[in-house]
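> take a look and give me a structure for this.
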Amino acid sequence: MEKLLIINTRSDYARRLITLLSNDFTLKIAQNASELQEIFKKEYFDAVICGEEVQGFSKIDEFLSFIQSQNVASPLVFFVPTISYQESLDFIKLGAHDFISTAVRDEELIWSLKKIILRYKNLLSYLPGKSEKAGSQSTEYSFENIIAKSKLMLSIFDTIKKITDYKTTILIMGESGTGKELIARAIHYSSLRKDQPFITINCGAIPENLLESELFGHVKGSFTGAHRTKKGLFEEANNGTLFLDEVGELPLLLQVKLLRALQEEEIRRIGDNSSIKINVRIIAATLKDLHEEVERGSFREDLFYRLNVLPISLPSLRERPEDIETLVLFFIQKFNNKLNMQISGITPEALEILLKHTWPGNVRELENTIERAMVLTTSNKIKLENIPDTIRDRRRSGKITTSFDELSIKKATKNIEVELIKKALVKTQGNRTQAAKVLEISHRALIYKIQDYKLEDYEG
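Prediction:
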């Protein structure tokens, strides 16, 4: 029997719920926050159940923040009389997983709860798999072909885990080479649509006069060269996912048509008088700041808000240096298999250079660097001389230095980051948003580092 944790049993409905569920589930009851903390330390549950109000919390978002702080691995299910679409989105962003109406029949309620638990268990088979390195304290996570152990990326994995089965549009933002398409594929292949098409198009790589036909299709004779009727990618992706890469490059005219397709869930081929209903999940990606594009007038504000329902901001590689060594070892294994090689690792000197590099090309640049180094090496390890000169020479031009008394790369890197963060906070008079811009990292990354380095009280 599945094991459930029910929170706060003082309402009449909660007491009825306990009676109803006790025949089909093993139940545990919790009354307040301090009791929850102890329970979460010791036990795992197939689902955590609660109502609209939780004793000890004045607002439900406070409770959701508390649940997130406890790193609860179970799906959080709310029993509510009614909930609007926007309210459900707000709850999901804060950490909720699903909702069941208190108005449904008893047998339907039990069936819905079992369905949620089963869906979550199935999802876990596609989501980050944890593995411990032999003889190592580090924990690595993989998601499809995405390898990470940094808090920034694990937070993104957790977000994906919650949103995969919702049709809601997702906007992935990040620099070139951060893995936006990998994230899109991971979302699709861990969702209920995984057996349906995943179609991708780069909106900036196709000439404007051809892009409309590619997206929406055309009928025979609708323009010169239209010798046959052609399906567009929206139709090709029906019941699946359409990934619009570099959506910020869409011409304004096509932005209008994309907005209509999203709102009406139908498209019209070029030259056709009738519309075609579609069931497509849209995942869009951009390296542009769409806020700025809206202000410039080159991107429609209404389309931006339609795409930006569930945003995911991917950090650059320089914002998560703790992932570099993990990625290096992953790429070595990948190219060992691909190139039929037997490279066993990388020397400390070569790794040190990679850790100091700023990686403007992000993970893609690191991957290409490792492949090149493996092809050039004449030993069973990547050495310093196998690293490109463009990366090795940058260490001489940098202005940041650290004491050579500290031989630990991790500790030296930490010391440098602490000093840079302090200087940025001084320069911006404690304004963390401005400090993040000065440091050229995201605001979220700065907050993580401030917490990690215990700089919460540092005002500058």
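> which SS state does the closest residue to residue 239 other than its chain neighbours fall under?
Counting by Cβ to Cβ, 6 or more residues apart in numbering, residue 239 lies nearest to residue 196, which is 4.5 Å off, once chain neighbours are set aside. Quick note: C-beta positions are derived from backbone N, CA and C, even for glycine. Following DSSP: H, G, I helix; E, B strand; the rest coil, the label given to residue 196 is coil.
> where's residue 335, which helix or strand?
Residue 335 belongs to helix 324-339 when assigned by DSSP states H and E.
> what separates that helix from the chain centre, distance-wise?
In this view, helix 324-339 has its centroid 22 Å away from the chain centroid, taken as Cα atoms, centre = their mean, to the nearest Å.
> again with stretch 167-180
Stretch 167-180 sits 8 Å away from the centroid of its parent chain (Cα atoms, centre = their mean).
> flag every buried residue along it.
By neighbour count on 16 or more other Cβ atoms under 10 Å, the buried set for stretch 167-180 is 169, 170, 171, 172, 173, 174, 175, 177, 178, 179, 180.
> farthest pair in those residues?
Within the buried residues of stretch 167-180, two members stand farthest from each other by Cβ to Cβ: 169 and 177, at 23.6 Å.
> list the contacts of the residue lying closest to residue 276 once chain neighbours are set aside.
Spatial nearest neighbour of residue 276, chain neighbours left out: residue 267 (5.6 Å); criterion: Cβ to Cβ, 6+ apart. The contact partners of residue 267, by Cβ atoms under 8 Å, 6 or more residues apart in numbering, come to 215, 216, 217, 232, 234, 235, 257, 261, 275, 276, 278.
> from residue 321, how far off is the closest residue to residue 82 other than its chain neighbours?
Once flanking residues are discounted, residue 82 sits nearest to residue 101: 7.0 Å by Cβ to Cβ, 6+ apart. Distance of residue 101 to residue 321, given as Cβ to Cβ, to the nearest Å: 46 Å.
> cool, residue 161 as well?
25 Å.
> so where do the strands sit in the stretch 1-150 of the chain?
Remark: strands assigned in the stretch 1-150 of the chain by DSSP state E, counting those that start in this stretch are 3-7, 26-30, 47-50, 76-80, 98-101, 129-132, 139-143, 146-148.
> need the CA coordinates for stretch 286-298. PDB is fine.
Taking C-alpha atoms only, stretch 286-298 is exported to PDB below (Å, rounded to 0.1, in the frame of the first residue of the first chain):
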ATOM      1  CA  THR A 286      16.200  32.400 -26.700                       C
ATOM      2  CA  LEU A 287      19.600  33.800 -25.900                       C
ATOM      3  CA  LYS A 288      18.100  37.300 -26.200                       C
ATOM      4  CA  ASP A 289      16.700  39.300 -23.400                       C
ATOM      5  CA  LEU A 290      13.000  39.400 -24.500                       C
ATOM      6  CA  HIS A 291      12.200  42.100 -22.000                       C
ATOM      7  CA  GLU A 292      14.600  44.400 -23.800                       C
ATOM      8  CA  GLU A 293      13.300  43.300 -27.200                       C
ATOM      9  CA  VAL A 294       9.800  44.200 -26.100                       C
ATOM     10  CA  GLU A 295      11.000  47.600 -25.000                       C
ATOM     11  CA  ARG A 296      12.700  48.100 -28.400                       C
ATOM     12  CA  GLY A 297       9.500  47.100 -30.200                       C
ATOM     13  CA  SER A 298      11.000  44.100 -32.000                       C
END
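> which residues belonging to that stretch are considered buried?
Neighbour-count burial for stretch 286-298, counted by 16+ other Cβ under 10 Å, picks out 286, 287, 290, 293, 294, 298.
> what does stretch 300-314 give?
Within stretch 300-314, the residues that count as buried by 16+ other Cβ under 10 Å are 300, 303, 304, 306, 307, 309, 310, 312, 314.
> and the third one, how far from residue 174?
In this view, residue 304 and residue 174 are 16 Å apart by Cβ to Cβ.
> please apply the same query to the last one.
Counting by Cβ to Cβ, the separation of residue 314 from residue 174 is 3 Å.
> got it, and residue 330?
Residue 330 is 19 Å from residue 174, by Cβ to Cβ.
> between the buried residues of stretch 167-180, which sits nearest residue 365?
residue 177 (5.9 Å).
> give the helix, strand or coil label for that closest one.
Note that with three-state DSSP, the state of residue 177 is coil.
> correct me, but it touches residue 362?
Yes. Counting by Cβ atoms under 8 Å, residue 362 is a contact partner of residue 177 at 3.4 Å.
> now do the shared contacts for these two.
residue 317.
> now stretch 212-230: average pLDDT?
Averaged over stretch 212-230, pLDDT sits at 85.
> pull the residues that contact it.
201, 206, 231-235, 253-254, 257-258, 261, 267-272.
> list the contacts of stretch 99-118.
With contact meaning Cβ under 8 Å, 6+ apart, stretch 99-118 is reached by 2, 13, 20-21, 24-25, 46-47, 49, 75, 77-83, 88, 91, 97-98.
> list the buried residues in it.
Buried residues in stretch 99-118, counted by 16+ other Cβ under 10 Å: 99, 100, 109, 110, 112, 113, 116, 117.
> would CSV of those residues with pLDDT and distance to residue 383 be doable?
As requested, these are exported to CSV (pLDDT from 0 to 100; distance: Cβ to Cβ, whole Å):
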residue, pLDDT, distance to residue 383
99, 77, 56
100, 78, 59
109, 79, 63
110, 82, 62
112, 77, 59
113, 82, 57
116, 76, 52
117, 78, 51
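> just the ones of those residues in helices?
In helices, defined here by DSSP state H, the members of the buried residues of stretch 99-118 are 109, 110, 112, 113, 116, 117.
> nearest to residue 188 among the residues you listed?
Of all these, residue 188 sits closest to residue 116, with 20.6 Å by Cβ to Cβ.
> which stretches of the protein have low pLDDT?
8-13, 32-34, 52-58, 68, 70-73, 83-95, 119-145, 394-413, 458-460 (pLDDT under 70).
> again, only this time at 50
Scanning the chain for pLDDT under 50 picks out the ranges 124-142, 395-405.
> and the contacts of stretch 212-230, which of them are buried?
For the contacts of stretch 212-230, a burial check counting by 16+ other Cβ under 10 Å picks out 201, 232-235, 254, 257-258, 261, 267-270.
> want to throw these into JSON lines with secondary structure and distance to residue 355?
What follows is those, written out as JSON lines (DSSP: H, G, I helix; E, B strand; the rest coil; distance: Cβ to Cβ, whole Å):
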{"residue": "201", "secondary structure": "strand", "distance to residue 355": "36"}
{"residue": "232", "secondary structure": "coil", "distance to residue 355": "46"}
{"residue": "233", "secondary structure": "helix", "distance to residue 355": "41"}
{"residue": "234", "secondary structure": "helix", "distance to residue 355": "44"}
{"residue": "235", "secondary structure": "helix", "distance to residue 355": "47"}
{"residue": "254", "secondary structure": "helix", "distance to residue 355": "43"}
{"residue": "257", "secondary structure": "helix", "distance to residue 355": "46"}
{"residue": "258", "secondary structure": "helix", "distance to residue 355": "41"}
{"residue": "261", "secondary structure": "helix", "distance to residue 355": "45"}
{"residue": "267", "secondary structure": "strand", "distance to residue 355": "48"}
{"residue": "268", "secondary structure": "coil", "distance to residue 355": "53"}
{"residue": "269", "secondary structure": "coil", "distance to residue 355": "52"}
{"residue": "270", "secondary structure": "strand", "distance to residue 355": "52"}
